[in-house]
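Chemist: next comes the sequence, and after it the predicted model I'd like to discuss.
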Amino acid sequence: MKRTPPNDASGEGAKPGADDGAAPGGPASSGNPELDALAGAAAAADGAGQGEGEPGAPGPEPDAATMHREAGIGAIRMFVSMVTAYAPAAADIWPEATIKACGAALGAVAEKYNWSLTDIPPELAFLFVAGPPMYASSKIVAAQILANREAAAAAKAKPAGSGSTAGEPPGQARPTGAPEQAPGPAVHDQMGLYK
C-alpha cells in the first residue's frame, strides 16, 4: 500500500486502499494521469475490436462461401486489369457491379470444386498481377519510340530552309503561274564522302 502526503485541506492523509497501484477494473496506475488515460484508451481499443473472447485473439473466420466469393471477385478484377491493359476501351464493359456479380458466380464454382487462387504457382500469380501494367507500359514505350523515329525522319527529310520548296530562296514564294524548276541531278548518298 502506497502512502501519499495529505492532499486536502482537512490534513488527512490518503485513505488506505485509495491508491494502491491499480485503478478499479483498469490497468495498473503509473501515477501520471496522462499515461493512465493513454493506457486506458489502449486497453479499450484492444477490447473493442475483439468482441467476445480473450484480448488479442483473432475474430471469427469468414465462412467458405464468403472466402470463395471474395477470391472470385479478385480473380475477375485481375482478368479485367489484363483486358483493359490491352484494350482500354473494354473498361466500359466492366463496371464494379458487373465485376462483383461475375466474381460471386466464379466464387460459387470455386466453392463447388474446392478450388482456390492460392493453388496457382507464384510465377503465374506474378504474371497476373504484374503483367497488365508491364504490358501497358511497353505499349507506351513502343508508341514513344515510333514517334521519335517519325520526328527524326521528318527532320531529316525537311530541307535546311524554312520549309520552302527546293531551288527557291527561303522566305520567297514562287509567283503564281511560274513554271516549277526541274529537279537537279540525282546524287548518290556516298558522293558526300568525296567532297
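Modeler: Noted; the coordinates are in hand.
Chemist: low-confidence ranges in the chain?
Modeler: 1-30, 47-59, 159-184, 195 (pLDDT under 70).
Chemist: swap in 90 and give it another go.
Modeler: Scanning the chain for pLDDT under 90 picks out the ranges 1-68, 71, 74-75, 78-79, 81-88, 110-111, 113-122, 124-136, 139, 155-195.
Chemist: for it, which helix is longest?
Modeler: helix 122-157 (DSSP state H).
Chemist: counting by contacts, list what that helix packs against.
Modeler: helix 64-86 (3 or more Cβ pairs under 8 Å, 6 or more residues apart in numbering; DSSP states H and E). From N, CA and C alone the C-beta is placed, and that goes for glycine too.
Chemist: what's around I145, how many residues?
Modeler: I145 is flanked by 10 other residues according to other Cβ atoms under 10 Å.
Chemist: I should have written P132 there, sorry.
Modeler: Around P132 there are 19 other residues, counting by other Cβ under 10 Å.
Chemist: which non-adjacent residue is nearest it?
Modeler: Distances taken as Cβ to Cβ, 6 or more residues apart in numbering place A85 nearest to P132, at 3.6 Å, with adjacent residues excluded.
Chemist: and for that neighbour, the neighbour number?
Modeler: 18.
Chemist: ok so, going back, report the inter-axis angle for the longest helix of the chain versus helix 64-86.
Modeler: Inter-element angle recorded for helix 122-157 and helix 64-86: 20 degrees (by axes from the mean of the first three to the mean of the last three Cα atoms, to 10 degrees).
Chemist: list the contacts of the nearest residue to I73 once chain neighbours are set aside.
Modeler: Counting by Cβ to Cβ, 6+ apart, I73 lies nearest to G103, which is 3.0 Å off, once chain neighbours are set aside. Counting by Cβ atoms under 8 Å, 6 or more residues apart in numbering, G103 touches R69, E70, G72, I73, G74, A75, I76, R77.
Chemist: isn't the fourth one right next to A105, touching?
Modeler: No. In this structure I73 lies outside contact range of A105 using Cβ atoms under 8 Å: 10.1 Å.
Chemist: can you give me the buried ones in the longest helix of the chain?
Modeler: For helix 122-157, the neighbour count (16 or more other Cβ atoms under 10 Å) marks F128, P132, A136 as buried.
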